[in-house]
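Trainee: this is the structure alone, sequence omitted:
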């Protein structure tokens, strides 16, 4: 599968599962109707989808220049932290405006989502790599025992 096709497939699958999980959770957390929180989840997911593509492109460019291939736990943790940290910077203002709350309140509200998505990003990426194989950027010089 080409790198572009792989990135698009990964991002779309990731966001579809995320919308299914986050929509109801937002409704409960913010005591809002599900129609409103579903719409917010779609907006957040659309932003995250674009960020996912951009971040993975950046990450894979960095990864391809590393001397050791494969995706160790440390590399997966760095991937998850980088993705979620960048996404938080983007999403906090959106949540603040949508929910009509202060940026600091939106940040606090976003912490629960960050914890969920940090774990979810690592688990999803691992599962995706197991199902579709590692990208070319991670195969080069992969040590034995470090695989998808």
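Mentor: Nice, thanks for sending it over. None of these values were measured; they are calculated from a predicted model.
Trainee: can you show me the helices along this protein?
Mentor: Taking DSSP state H as the criterion, the chain contains helices spanning 3-30, 34-64, 73-99, 103-132, 136-139.
Trainee: can I get those helices in CSV with mean pLDDT and mean neighbour count?
Mentor: Any C-beta I mention is one placed from the backbone N, CA and C, and that applies to glycine too. Formatted as CSV, the helices of the chain follow (pLDDT from 0 to 100; neighbours: other Cβ atoms under 10 Å):
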stretch, mean pLDDT, mean neighbour count
helix 3-30, 87, 16
helix 34-64, 90, 17
helix 73-99, 90, 16
helix 103-132, 88, 15
helix 136-139, 76, 18
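Trainee: contacting residues for the residue positioned nearest the centre of the chain?
Mentor: For the chain, residue 121 is the residue whose C-alpha lies nearest the centre (Cα atoms, centre = their mean; 4.9 Å). Residue 121 is in contact with 14, 79, 80, 83, 84, counting by Cβ atoms under 8 Å, 6 or more residues apart in numbering.
Trainee: hmm, 7 Å instead?
Mentor: 80, 83, 84 (Cβ atoms under 7 Å, 6 or more residues apart in numbering).
Trainee: quick one: those residues as JSON lines, columns for distance to residue 6 too.
Mentor: Shown next, in JSON lines, are the contacts of residue 121 (distance: Cβ to Cβ, whole Å):
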{"residue": "80", "distance to residue 6": "18"}
{"residue": "83", "distance to residue 6": "16"}
{"residue": "84", "distance to residue 6": "21"}
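Trainee: quick check: residue 134 vs residue 69, distance?
Mentor: According to Cβ to Cβ, to the nearest Å, residue 134 and residue 69 sit 8 Å apart.
Trainee: which of the contacts of residue 121 lies closest to residue 101?
Mentor: Within these, distances to residue 101 taken as Cβ to Cβ reach their minimum at residue 84, with 20.5 Å.
Trainee: just give the nearest non-adjacent residue to the closest one, would you?
Mentor: Distance criterion Cβ to Cβ, 6 or more residues apart in numbering; nearest residue to residue 84, sequence neighbours excluded, is residue 118 at 5.0 Å.
Trainee: quick one: that neighbour and residue 80 touch, right?
Mentor: Yes. Residue 118 is within contact range of residue 80, at 5.3 Å (criterion: Cβ atoms under 7 Å).
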